[in-house]
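Engineer: Fold the following for me, if possible:
(chains A and B)
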Amino acid sequence: METVKRPTTVIINSDENGDARVQYRIEGKTSLVVRIEGKQPLQLQLDVEVGPRAVFTFLLINHNEAEVTLLDSYHLLDDSDSVIAYCQLNDQPLHCQSSYQLDGQGAQLRVQNAALTAKQKYFSQNTAHNQPHTSADIFNYGIAMNGGYCDFDVRNRIDKGCRGCETHQTSRILTFDAQSKGRIMPVLYIDDNDVKASHAATMGQPDAEQVFYMQTRGLSRQDAMKLITIGYLMPISKVIDDADLNNLLKQEIETKVSQCLM
Amino acid sequence: MKCLEIKNLHVSVEDKEILKGVSLTVNAGETHALMGPNGNGKSTLLMTVMGHPSYKVTSGSIELDGQDVLAMSVDERSKAGLFLGMQYPQTIDGVTNSDFLKAAVNAHREEPISLFTFIRQMDKAFSDLGMKDDLAHRYMNEGFSGGEKKRNEIVQMKLLKPQLAMLDEIDSGLDIDALKIVADNINEMHDANNMAAVIVSHYERFLEYVKPQFVHILVDGRIVADGGYELVEKIDAEGYEWLKAQNVQFKKEEAPVRVSLGSCAVNQKGRKNGNG
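Structural biologist: Prediction:
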C-alpha cells in the first residue's frame, strides 16, 4: 500500500494494464487525482484508506476509450474529511461499484459524481456508517443523451448504535431525448433513532422554459442546451478547492459537453 | 429596424383562442404602452412576437421590416433586433449571470467580444442599474429579489441593444427608486439607439417616466381603444369601467391558464448542504 502525503496524480493506462489494482493510504492534507487513459477495456480496483484527521480530495477522471469496470473502496478513519469526485464524461460504457466505509468516529464524506453518457453507465454506491457521529453527503448528476442510459443505485446504511450520524443523498438525471433513459434507486437503511437522513431523486428533461429564455437572448437551441448542461454538471467543480484541479475539471466539462452537443 | 407590423393576429393556447385579431404597428423610436385588465392577452401578444412555442398563431401576420417574423426561430428574432423583458425571468442554476450575458452578447456578434470590453460593458450596465457587483457572478437570477431580476432584464437589454424592446410588467417588483432607474435606462436606450418599445404596465407612475406616445387597451384579445398619454391618465383615474359604456365586452373572470413547456427542475430544499 502506497502512502500519499502530498498532492499526487496517477495515470492508469488501459493499454498497459487491462486489470489493475492500486492501494493508497492517505495522511495529512492532500489530494489524489487518478486519470484513466487508453483504448482497451479496463477493470480497475482502487482501495483507499484515509488516515485519522486526514483531509483528502480525490478526483477520478475517466478518459478511457473503451469500457471500464471500476471497483473502488474507501475506509475513512477517525475525524478524517474526504471529498471524492468522479468525472465520468467519456463516451464509453461504465460499471462503477463504490464502497464508502465510515470506520472512524467523526469521519466526514462528500461524494460528487458527474456523468454524461450516450452508452450505458451504472453506478452502485454503498455508504456504511460504522461508527457514531459520522456524516456522508452523496450527489449524483447524470445526463443521458443519444439513446444513453444512466443508472444510480445509492444505498446509505446506519446501523443500530451509530448515533449522531448524518447521511444524505441526492441523485438527478436529465434525459435529452425520448430514446435516452435513466433509473435512480435511492435507499436508506436506518436502524438508529438519533440520526439525520434524507434522500432526493429527480429525473426528467431539460427545462424548456429555460431554453426558451436563453433563445430570446439570441442563443441557438444547441448553445442554450450546452450552457444548461455545463451548469448542471458544474457543481462538481465547487467541491475541489485546488485552483489547478478546479480549472482542469471545468475545462474537461466544457470540452466534453461541447463535443457531445456538436 | 423601421417597422414592426402585426396584422389581424389570432393566437391560441391549448386550443383556446386568446388573441382575436390584434393589429399594431410600431415604428423605430416609438414607445407604445399596452394596457388592459389582467388575463386579456397582453403577455400573450409579446410572447407570440418573441416565438414562445406554446402560443399558436392560427391566422394573421407579424412582419419586421417586411420580413416574416413567424418564420424565424426564437434566436433569429433576437438577432433581428427583438427583445422580450419577461414578467417572470427564469432562474438557471449552474450558469453564472456573467457567463450567460457573455454568451448572449457573442450570439449577436460575428466575432466574440474581448473579455476586457465585455467586462467593461457589463460593469457599466450593472452600475447604471444600481446593481451589486456580486450579482454578475451568481447563478442566473438564483436568489435574486424580484426587483433584482427585473433590473437584470434591463442589464441584458442594455448589453444586447435591441431595436425593439418588449417589456412585460418590467415595473412589478421594483421599489420607487428602482422604478425611476429602470425608466431612465429605457429612455437612455431610446435616445441613444432610437430604440422602439412596447411596454406592458398597470402603473401610471412608471408610464409617466417613460412617456409613451401611443397607448393601446387590450380587452378579451382585441385592442379596443387607442390614444396618447391621456389614456393612461384616464385609466389611472377611472379604471376600465368606462369602456363598458362603449359596448366593450369584458372577458369573464376565470382561472388563469398557466402555460408550461414542461420541467424537471427541482430545487433542493431542507438539506444540510446546498448544492449550488
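Engineer: Tell me the first helix or strand C-terminal of the lowest-mean-pLDDT helix or strand in chain A.
Structural biologist: For chain A, counting by mean pLDDT, DSSP states H and E, helix A:235-238 ranks last in confidence among helices and strands (a mean of 79). For helix A:235-238, the following helix or strand on the C-terminal side (DSSP states H and E) is helix A:243-260.
Engineer: and that next one with chain B, contact?
Structural biologist: No - Helix A:243-260 lies out of reach of chain B by CB under 8 Å from any CB of the partner chain, never closer than 10.4 Å. C-beta here means a position set from N, CA and C on the backbone, and glycine is covered the same way.
Engineer: Residue B:100: what's its closest spatial neighbour, skipping adjacent residues?
Structural biologist: residue B:140 (5.1 Å; CB to CB, 6 or more residues apart in numbering or on different chains).
Engineer: so who does that neighbour touch?
Structural biologist: B:90-93, B:95-97, B:100 (CB atoms under 8 Å, 6 or more residues apart in numbering or on different chains).
Engineer: ok, which pair from these is furthest apart?
Structural biologist: Pairwise distances among the contacts of residue B:140 were taken by CB to CB; the largest, 14.2 Å, belongs to B:90 and B:96.
Engineer: quick one: residue A:178 from chain B, how far?
Structural biologist: 13 Å (CB to the nearest CB, to the nearest Å).
Engineer: So that residue, which state does it fall into?
Structural biologist: Three-state call for residue A:178 (DSSP: H, G, I helix; E, B strand; the rest coil): coil.
Engineer: Got phi/psi on it?
Structural biologist: With angles defined as degrees, to the nearest 10, residue A:178 sits at phi -70, psi -20.
Engineer: Please save the CA atoms from stretch A:230-243 in PDB.
Structural biologist: In PDB, the C-alpha atoms belonging to stretch A:230-243 read as follows (Å, rounded to 0.1, in the frame of the first residue of the first chain):
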ATOM      1  CA  ILE A 230     -22.400  22.700 -18.300                       C
ATOM      2  CA  GLY A 231     -24.200  24.400 -15.500                       C
ATOM      3  CA  TYR A 232     -25.900  21.200 -14.500                       C
ATOM      4  CA  LEU A 233     -22.600  19.300 -14.200                       C
ATOM      5  CA  MET A 234     -20.500  22.200 -12.800                       C
ATOM      6  CA  PRO A 235     -21.300  21.700  -9.100                       C
ATOM      7  CA  ILE A 236     -18.600  19.000  -9.100                       C
ATOM      8  CA  SER A 237     -16.000  21.800  -9.500                       C
ATOM      9  CA  LYS A 238     -17.300  23.500  -6.400                       C
ATOM     10  CA  VAL A 239     -16.000  20.700  -4.100                       C
ATOM     11  CA  ILE A 240     -12.500  20.900  -5.500                       C
ATOM     12  CA  ASP A 241     -10.600  23.700  -3.600                       C
ATOM     13  CA  ASP A 242      -7.400  23.300  -5.500                       C
ATOM     14  CA  ALA A 243      -7.400  26.000  -8.300                       C
END
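Engineer: quick one on the thing from earlier: lowest-confidence member of the contacts of residue B:140, which is it?
Structural biologist: When the contacts of residue B:140 are compared on pLDDT, residue B:93 comes out lowest, with 85.
Engineer: What distance do you get for it to residue B:105?
Structural biologist: As judged by CB to CB, to the nearest Å, residue B:93 and residue B:105 stand 21 Å apart.
Engineer: Please identify which helix or strand holds whichever residue of the stretch 1-150 of chain B sits closest to chain A.
Structural biologist: Per CB to the nearest CB, residue B:94 is where the stretch 1-150 of chain B lies closest to chain A, at 2.6 Å. Following DSSP H and E, one finds residue B:94 within strand B:92-96.
Engineer: Can you give me the buried ones in the helix or strand of chain B with the lowest mean pLDDT?
Structural biologist: Ranked by mean pLDDT, DSSP H and E, the weakest helix or strand in chain B is strand B:92-96, scoring a mean of 88. Neighbour-count burial for strand B:92-96, with 16 or more other CB atoms under 10 Å in any protein chain shown as criterion, is recorded at B:92-96.
Engineer: State the pair within those residues that is farthest apart.
Structural biologist: B:93 and B:96 (10.5 Å).
Engineer: For those two, list the residues in contact with both.
Structural biologist: Joint contacts of residue B:93 and residue B:96 (CB under 8 Å, 6+ apart) are B:139-140.
Engineer: Going along the chain, name the helices of the chain.
Structural biologist: Let's take chain A. For chain A, helices defined by DSSP state H occupy the ranges A:208-215, A:221-233, A:235-238, A:243-260.
Engineer: Not quite, go with chain B.
Structural biologist: Under DSSP H, chain B gives helices at B:42-50, B:74-79, B:97-107, B:115-128, B:146-160, B:176-193, B:204-210, B:229-238.
Engineer: Of those helices, which stretch is the most buried?
Structural biologist: helix B:42-50 (a mean of 24; mean count of other CB atoms under 10 Å in any protein chain shown).
Engineer: Report all helices and strands that that one contacts.
Structural biologist: strand B:3-13, strand B:16-27, strand B:31-35, strand B:56-64, helix B:74-79, strand B:82-85, strand B:164-168, strand B:196-200 (3 or more CB pairs under 8 Å, 6 or more residues apart in numbering or on different chains; DSSP states H and E).
Engineer: Could I get the ones you listed in JSON lines, plus columns for distance to residue A:60 and mean pLDDT?
Structural biologist: What follows is these, written out as JSON lines (distance: least, CB to CB, whole Å; pLDDT from 0 to 100):
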{"stretch": "strand B:3-13", "distance to residue A:60": "48", "mean pLDDT": "97"}
{"stretch": "strand B:16-27", "distance to residue A:60": "52", "mean pLDDT": "97"}
{"stretch": "strand B:31-35", "distance to residue A:60": "55", "mean pLDDT": "97"}
{"stretch": "strand B:56-64", "distance to residue A:60": "48", "mean pLDDT": "97"}
{"stretch": "helix B:74-79", "distance to residue A:60": "37", "mean pLDDT": "97"}
{"stretch": "strand B:82-85", "distance to residue A:60": "43", "mean pLDDT": "98"}
{"stretch": "strand B:164-168", "distance to residue A:60": "47", "mean pLDDT": "97"}
{"stretch": "strand B:196-200", "distance to residue A:60": "51", "mean pLDDT": "97"}
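Engineer: which residues does residue B:222 bridge with?
Structural biologist: Using DSSP bridges, the beta-bridge partners of residue B:222 come out as residue B:219.
Engineer: can you pull the contacts of it?
Structural biologist: So residue B:222 contacts B:19-22 (CB under 8 Å, 6+ apart).
Engineer: and those, which are buried?
Structural biologist: For the contacts of residue B:222, buried by 16+ other CB under 10 Å: B:19, B:22.
Engineer: Could you provide the contacts of residue B:222 in TSV, with additional columns for distance to residue B:68?
Structural biologist: Below are the contacts of residue B:222 laid out as TSV (distance: CB to CB, whole Å):
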residue	distance to residue B:68
B:19	18
B:20	21
B:21	19
B:22	17
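Engineer: Okay, the residue sitting nearest the centre point of chain A and chain B: tell me how far apart.
Structural biologist: By CA atoms, centre = their mean, chain A has its centre lying nearest to residue A:113, at 2.2 Å. Residue A:113 sits 12 Å away from chain B, going by CB to the nearest CB.
Engineer: returning to that earlier point: now render the helices of chain A as TSV, adding distance to residue B:8.
Structural biologist: As requested, those are arranged in TSV below (distance: least, CB to CB, whole Å):
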stretch	distance to residue B:8
helix A:208-215	25
helix A:221-233	30
helix A:235-238	49
helix A:243-260	44
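Engineer: Of all these, which one is nearest residue B:156?
Structural biologist: Among the helices of chain A, if distance is taken as CB to CB, the winner is helix A:208-215, at 10.2 Å.
Engineer: Can you give me the end-to-end span of stretch A:37-54?
Structural biologist: 28 Å (CA to CA, to the nearest Å).
Engineer: Distance from the chain centre to it, please.
Structural biologist: Counting by CA atoms, centre = their mean, to the nearest Å, stretch A:37-54 is centred 13 Å from the centre of its parent chain.
Engineer: Kindly report the same for stretch B:129-142.
Structural biologist: 20 Å.
Engineer: Start and end of stretch B:24-38, how far apart?
Structural biologist: End-to-end distance (CA to CA), stretch B:24-38: 20 Å.
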